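Chemist: turn this into a structure:
(one chain, ligands or ions: 1)
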Amino acid sequence: MTATKGLEGIVATTSSISSIIDGVLTYRGINIDELAEGATFEEVAYLLWYGKLPTASELEELKAKLSASAAIPAEVIDAIRLYPQDANSMAALRTAVSALALYDPAAQDMSREANVDKAIRLQAQLPTVIAAFDRIRSGQEPIAPKAGLSVAANFLYMLTGETPDDVAVKALDQALVLHADHELNASTFAGRVTVATLSDIYSGVVSAIGALKGPLHGGANEAVMVMLEEIGSPDRVESVINEKLANKEKIMGFGHRVYKNGDPRAKHLQKMSEELGKLKGNLDLYRMSVQIEEIVTGQKGLKPNVDFYSASVYTTLGIKRDLFTPIFAISRLSGWTAHILEQYDNNRLIRPRAEYTGPTSAKFIPIEQR
Ligand code: ACO
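Modeler: Alright, predicted model coming up:
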């Protein structure tokens, strides 16, 4: 038995949800470029869950269900009030999602119908949890979700209490479309491993949130912003990045296990970053990001991934840095739950082996002789 570090190149399951073939990403066979330009996040979530694009009436039905499920139990809000003010936002999200299970009478119902309902409910509730956490830690009262708003619009509304402008809603919605699913990425795999024991959907999502949190995965978008803040101004880009490269530091938002010739999602976020910068009259973050890309791609051949330009996009939208990864979770929840449903439909326990590298004939020594 020989281990492959990081399971690189290992095909661990079959799936018909999303594919990365020759650097092209599709959801259910539809190119991400077409979805990014033409679909809303709700249409994409439907596509991932049901395997086809919704008709107008199916979409309306899903939106109505999302709207009706967006409130979270008062007990969960009360529990969030007890979180430390400086709690890590992904740790808070992970904890609150775990708590949601306690108040869901169907949490342990393993029927397919109940699991689809739970996927929709979680999709509706995640933005509410994150917005409530952010308001409570800022000394403000949480804002209840507003009926009739999209997932993106409702999230922005619940953060501020103000009706978000169309540009912000469209940008966030497109970002949600771009992050919704990505084959067997680390968090999706974590979720599938958990539910393959026939554990419940909440446990799968909690595992996935834990995996997304790390800076080598979803946490990279926040880490990109930390780097942009550290650089501070366009004139410092060259010296800071060159120093990092000389010190063999990883540049956050670059590189990918699967894409070696560039992440197809990055160009959409780059365009959005430039457009939003122009609209807000400040292109500094965009220009700094482009400069960083030129240096890192020029010197290391590494291309930006989905996380790189999302940092400038979210900051230009006025979103706090530590909410970037939770936003990724809002979007990826659609993919996680589609994969969890697929896992239940064709389940087998996921239990690989390890190549043992320790001693083989060590002797037990009684404690008094050690
Ligand atoms: N900056 C500098 N060097 C890098 C970077 C980077 N961002 N990414 C990879 N490299 C280098 C490594 O140092 C390594 O060099 P070496 O062979 O000289 O040691 C080589 O490229 C291969 O890198 P690995 O880390 O082995 O590649 P792996 O496939 O395991 O990792 C990963 C992929 C985790 C995405 C990596 O590129 C990375 O850490 N990037 C920065 C974090 C990041 O942006 N993560 C988000 C990924 S997208 C997502 O999850 C949504």
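Chemist: just the pLDDT for Met1.
Modeler: Here, the pLDDT recorded for Met1 equals 85.
Chemist: what's the answer for Gly358, then?
Modeler: For Gly358, pLDDT reads 97.
Chemist: pLDDT weak spots in the stretch 251-370 of the chain?
Modeler: Applying pLDDT under 70 to the stretch 251-370 of the chain flags no residue at all.
Chemist: can you tell me how far Gly51 sits from Lys267?
Modeler: Separation of Gly51 from Lys267 (Cβ to Cβ, to the nearest Å) stands at 27 Å. C-beta coordinates here come from the backbone N, C-alpha and C atoms, glycine included.
Chemist: could you pull out the strands in the stretch 1-150 of the chain for me?
Modeler: Using DSSP state E, counting those that start in this stretch, the strands of the stretch 1-150 of the chain run over 18-21, 24-27, 30-31.
Chemist: ok, and which of those has the densest surroundings?
Modeler: The highest mean neighbour count among the strands of the stretch 1-150 of the chain, using mean count of other Cβ atoms under 10 Å, belongs to strand 24-27: a mean of 20.
Chemist: Thr194: which element?
Modeler: helix 186-195 (DSSP states H and E).
Chemist: other SSEs contacting that helix?
Modeler: helix 201-212, helix 324-345 (3 or more Cβ pairs under 8 Å, 6 or more residues apart in numbering; DSSP states H and E).
Chemist: and the contacts of the helix or strand just after the first one?
Modeler: Proceeding N to C from helix 201-212, the next assigned helix or strand is helix 220-231, under DSSP H and E. Identification of contacts with helix 220-231 by Cβ atoms under 8 Å, 6 or more residues apart in numbering yields 215, 237, 240-241, 251-253, 285, 288-289, 292, 305, 307-308, 310-312, 314-315, 321-322, 324-325, 328.
Chemist: just how off-centre is stretch 212-226 within its chain?
Modeler: Relative to the centre of its chain, stretch 212-226 is centred 10 Å away, using Cα atoms, centre = their mean, to the nearest Å.
Chemist: again with stretch 255-268
Modeler: Taking mean C-alpha positions (Cα atoms, centre = their mean), stretch 255-268 and its chain are 16 Å apart.
Chemist: one more: stretch 292-307?
Modeler: Worked out by Cα atoms, centre = their mean, stretch 292-307 lies 21 Å from the chain centre.
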